[in-house]
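>>> Test case, fold it:
(2 chains)
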2 protein chains.
Amino acid sequence: MAKQLSNPSAHDVARLAGVSQAAVSRAFTPGASVAKATREKVLQAARELGYRPNLLARSLIKGESGIIGLVMGYPRSIFLMSALYALSARLSQAQKHILIYTVEGGQAADPHIEGLLQYRVDALLLMGIGISSKLSAHCRAKGVPVILFNLRSGETQGFASVTVNNREGGRQIAEHLIAQGYRRLGFIGAPEIYRTSREREAGFKEYLAKRGSARFEREDGCYDREDAILAARRLLSRKPRLDAIFCWNDHMALACMEVARYEFGLEVGPELGVAGFGDIDQASWPSFQLTSYSQPVDALIQKVASLILQPPHMQKSAGQFMIDGELKRRASTHRIAT
Amino acid sequence: MAKQLSNPSAHDVARLAGVSQAAVSRAFTPGASVAKATREKVLQAARELGYRPNLLARSLIKGESGIIGLVMGYPRSIFLMSALYALSARLSQAQKHILIYTVEGGQAADPHIEGLLQYRVDALLLMGIGISSKLSAHCRAKGVPVILFNLRSGETQGFASVTVNNREGGRQIAEHLIAQGYRRLGFIGAPEIYRTSREREAGFKEYLAKRGSARFEREDGCYDREDAILAARRLLSRKPRLDAIFCWNDHMALACMEVARYEFGLEVGPELGVAGFGDIDQASWPSFQLTSYSQPVDALIQKVASLILQPPHMQKSAGQFMIDGELKRRASTHRIAT
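Residues are numbered from 1 along each chain as shown, chains lettered A, B, ... in the order given. Predicted structure coming up:
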């Protein structure tokens, strides 16, 4: 067995394997043409010497780093975390890796995006956060594809954007609540700049308007659980008492449900309908049984991955990709207890 | 304003700014000595040209990539996700970035570690997952510091390891349950190879043995919620009925609590004490009020970050760092209803 060198080069591997240096390079390049026997000789020699091709150096030559830059807003979001997990699993299969920044809700993504661009990322994915028009122009000039996932605020600016059909979800929740016999409706949303909340509310309102009255009570709960608790208290203190509340995400809806039960002594379902959006794991737990419009993580992430992995010459295409979820009817909106 | 070049170099920036190329390089190197006026001229020229220093190229020269490789086992763990978030926020401040792989519970981390080493990571962090002795020797030879966080299985092999004081947590849970008057105890754990479960159980057993009887019923629940539900059903079906169950993590404990309430009709607290480990957000929700030994994310991550960020010549030191949590007493173990 060959002695392990402290920093073996491709040249050392080529010599030990008895092949050319070009053959070593090809053996380590996915998809490159190389005879199976040659490849095995190279891998064997590399193992013996402890050689690893330097991906950083290769990325300088090929112009591809294999790194996908990710800036994630709202890192405490259970939905975004599950999306990150699904994406990481999918990209690992394609030998791509995620370089991650997390950003608190109120902060701007721009400084982080600048940091990521310095690594020559192959693509830039923004989850739950927007990008300034200045920086987006820069990415376009550099030819770095930008993909927006569940954009919460800002504009899509001609980039590819993947999201669940927020408006349709809001519409189906309204239809379901009315069909169940609820009439005094409330909504816990986010300030106007939050696109997902705005779209869900628009769909909700649209259905109610079609039915003759678009009136509903409204409070902002933004994202923290504490905010949602305060919003739920304000909403449930109004007279006459509301009989159903739609929350712009499940996280808020679970908090609202607990305020209704443990502070106002209401029976969720018969006395107060509560619906959310996202269908996170906890929604189906027996403690909650929360009616929710699902965000299908797998389908959404499959679309995101296909945009990231498509060949560079295809990546010019922008477009907004909307994927339908599904209304999950559960006990939190059973007006007649079962 | 200067025309934006498609791929401006440091040379172009130097020419436009009227400074040397070395000055451009220094202006983009954190901590390097450069006059304020020079730096501003360089940044202005860089902005006009759309220049960004190539960190990949610099990392080849300096031997530091600024990238911390992270392999995360059990990516569905709410605790590990919150640790990831805290770490990302901390490292961003230090201009370090996380390149992430997630690995399903049953899989080996080794292929992913090999992938990360190809990026010449400055350090390797393993969360909830172990490393083979072969690869750990390789990291040592390459001088890549390895930090183990909440190692679930495998050995620490002389690397730095950061974990909560699992044994002490298990001990305090046992002491608390006995003090509350519970006597027929059960434990939902994981198979023997899982270090965290094993240590929590050892502390639990140790206290009981000291009190005179180390007997308790035991089932494996591993990590999935579904596993925990099955384990809880098996445990609660035994006769005579147990009066308290300690679960090796909160995720399992919440599932156990729901099985007790909704399938066995037991009042959690008076009829069945339930305790967990980790003190995740949900533990303090009114629906659960779960007694738990906390894993202090901030203190743990501060230790991990200090190990990652310490100067290279200090990084030889290994050692196991154990941080104490705190017992959070809640209604799930109030034997007398309040």
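>>> Going by C-alpha atoms from here, please, whenever you check contacts or count neighbours.
Fine.
>>> From the structure, what's the count of residues near the closest residue to chain B within chain A?
Among residues of chain A, the one nearest chain B by Cα to the nearest Cα turns out to be A:Leu99. It sits 4.3 Å away. Here the number of neighbours of A:Leu99 (other Cα atoms under 10 Å in any protein chain shown) works out to 23.
>>> Could you do the one 10 residues further on as well?
By the other Cα under 10 Å criterion, the neighbourhood of A:Ala109 contains 22 residues.
>>> all helices for chain A, in order.
All helices of chain A, identified by DSSP state H, fall at A:10-17, A:21-27, A:36-49, A:55-62, A:78-93, A:110-117, A:133-142, A:166-179, A:195-210, A:225-237, A:250-262, A:297-309.
>>> Next, see if the fifth one gets close to chain B.
Yes - contact between helix A:78-93 and chain B, assessed by Cα under 8 Å from any Cα of the partner chain, occurs at A:Met81, A:Ser82, A:Tyr85, A:Ser88, A:Ala89, A:Ser92.
>>> swap in the shortest one?
No - in this structure, helix A:21-27 remains apart from chain B according to Cα under 8 Å from any Cα; the gap is never smaller than 13.9 Å.
>>> distance of the closest residue to the residue of chain A closest to chain B other than its chain neighbours from B:Ala86?
With sequence-adjacent residues excluded and distances taken as Cα to Cα, 6 or more residues apart in numbering or on different chains, A:Leu99 is closest to B:Leu99, at 4.3 Å. Plainly put, B:Leu99 is 15 Å away from B:Ala86 if you go by Cα to Cα, to the nearest Å.
>>> For the residue nearest to A:Leu99, list the residues it contacts.
Residues in contact with B:Leu99, defined by Cα atoms under 8 Å, 6 or more residues apart in numbering or on different chains, are A:His97, A:Ile98, A:Leu99, A:Ile100, B:Ile67, B:Ile68, B:Gly69, B:Leu70, B:Leu116.
>>> if we go to 6 Å?
For B:Leu99, the residues meeting the contact criterion (Cα atoms under 6 Å, 6 or more residues apart in numbering or on different chains) are A:Ile98, A:Leu99, B:Gly69, B:Leu70.
>>> Top of the residues of helix A:78-93 next to chain B by number of neighbours, please.
Neighbour counts for those peak at A:Tyr85, which has 23 neighbours (criterion: other Cα under 10 Å).
>>> ok, that residue to B:Val103 distance?
As for A:Tyr85, its distance to B:Val103 is 9 Å (criterion: Cα to Cα).
>>> rank the helices of chain A by pLDDT, which is bottom?
Note on the helices of chain A: helix A:55-62 shows the lowest mean pLDDT, a mean of 54.
>>> I'd like to check what contacts stretch A:11-31. Which residues are they?
A:Ala32, A:Arg39, A:Lys41, A:Val42, A:Ala45, A:Ala46.
>>> Could you give me the buried positions within it?
For stretch A:11-31, burial by neighbour count (16 or more other Cα atoms under 10 Å in any protein chain shown) applies to A:12-14, A:16-17, A:19, A:21, A:23-28.
>>> Let me have these in a markdown table, adding distance to A:Glu192 as columns.
Output for the buried residues of stretch A:11-31, formatted as a markdown table (distance: Cα to Cα, whole Å):
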| residue | distance to A:Glu192 |
| --- | --- |
| A:Asp12 | 61 |
| A:Val13 | 60 |
| A:Ala14 | 62 |
| A:Leu16 | 65 |
| A:Ala17 | 64 |
| A:Val19 | 64 |
| A:Gln21 | 59 |
| A:Ala23 | 58 |
| A:Val24 | 56 |
| A:Ser25 | 53 |
| A:Arg26 | 53 |
| A:Ala27 | 54 |
| A:Phe28 | 50 |
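>>> Which of those residues sits closest to A:Val162?
Within the buried residues of stretch A:11-31, distances to A:Val162 taken as Cα to Cα reach their minimum at A:Phe28, with 33.4 Å.
>>> near chain B, which residues of the stretch 101-250 of chain A show up?
Among all residues of the stretch 101-250 of chain A, those adjacent to chain B (criterion: Cα under 6 Å from any Cα of the partner chain) are A:Gln118, A:Tyr119.
>>> Try it again at 7 Å.
If contact is defined as Cα under 7 Å from any Cα of the partner chain, the residues of the stretch 101-250 of chain A in contact with chain B are A:Tyr101, A:Thr102, A:Gln118, A:Tyr119.
>>> Got a quick ChimeraX command for the buried subset of these?
One line in ChimeraX is enough to select the buried members of those, burial here meaning 16+ other Cα under 10 Å:
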select /A:101,102,119
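>>> Kindly reformat the residues of the stretch 101-250 of chain A next to chain B as TSV containing pLDDT.
Rendered in TSV, the data for those read as follows (pLDDT from 0 to 100):
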residue	pLDDT
A:Tyr101	83
A:Thr102	79
A:Gln118	75
A:Tyr119	76
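>>> B:Gly158: which of the residues of the stretch 101-250 of chain A next to chain B is nearest?
A:Tyr101 (30.1 Å).
>>> show me what contacts that closest one?
A:Tyr101 makes contacts with A:Leu70, A:Val71, A:Met72, A:His112, B:Ser88, B:His97, as judged by Cα atoms under 7 Å, 6 or more residues apart in numbering or on different chains.
>>> Domain map for chain A?
A:10-53, A:63-164+A:297-323, A:166-295+A:327-333 (automatic domain parsing).
>>> Make a markdown table from these and add distance to B:Val146 to it.
Output for the domains of chain A, formatted as a markdown table (distance: least, Cα to Cα, whole Å):
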| stretch | distance to B:Val146 |
| --- | --- |
| domain A:10-53 | 18 |
| domain A:63-164+A:297-323 | 19 |
| domain A:166-295+A:327-333 | 33 |
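>>> Figure out which of those domains is closest to B:Leu300.
When these are compared by Cα to Cα, domain A:63-164+A:297-323 sits nearest B:Leu300, at 17.9 Å.
>>> Return the distance of the closest one from the chain's centre.
Taking Cα atoms, centre = their mean, to the nearest Å, one finds the center of domain A:63-164+A:297-323 at 9 Å from the center of the full chain.
>>> ok, A:Ile129 touching A:Tyr74?
No - checked against Cα atoms under 7 Å, the pair A:Ile129 and A:Tyr74 is beyond contact range at 8.1 Å.
>>> More neighbours: which of these two?
In this view A:Ile129 and A:Tyr74 are compared by other Cα under 10 Å, and A:Ile129 has more residues nearby, 25 against 22.
>>> Got the phi and psi for that one?
Here is the backbone geometry of A:Ile129 (degrees, to the nearest 10): phi -150, psi 150.
>>> just checking, A:Phe187 touches A:Phe246?
Yes - assessed by Cα under 7 Å, A:Phe187 is found in contact with A:Phe246 at 4.9 Å.
>>> These two: which is more packed in?
Taking other Cα under 10 Å, A:Phe187 and A:Phe246 do not tie; A:Phe246 has more neighbours (29 against 25).
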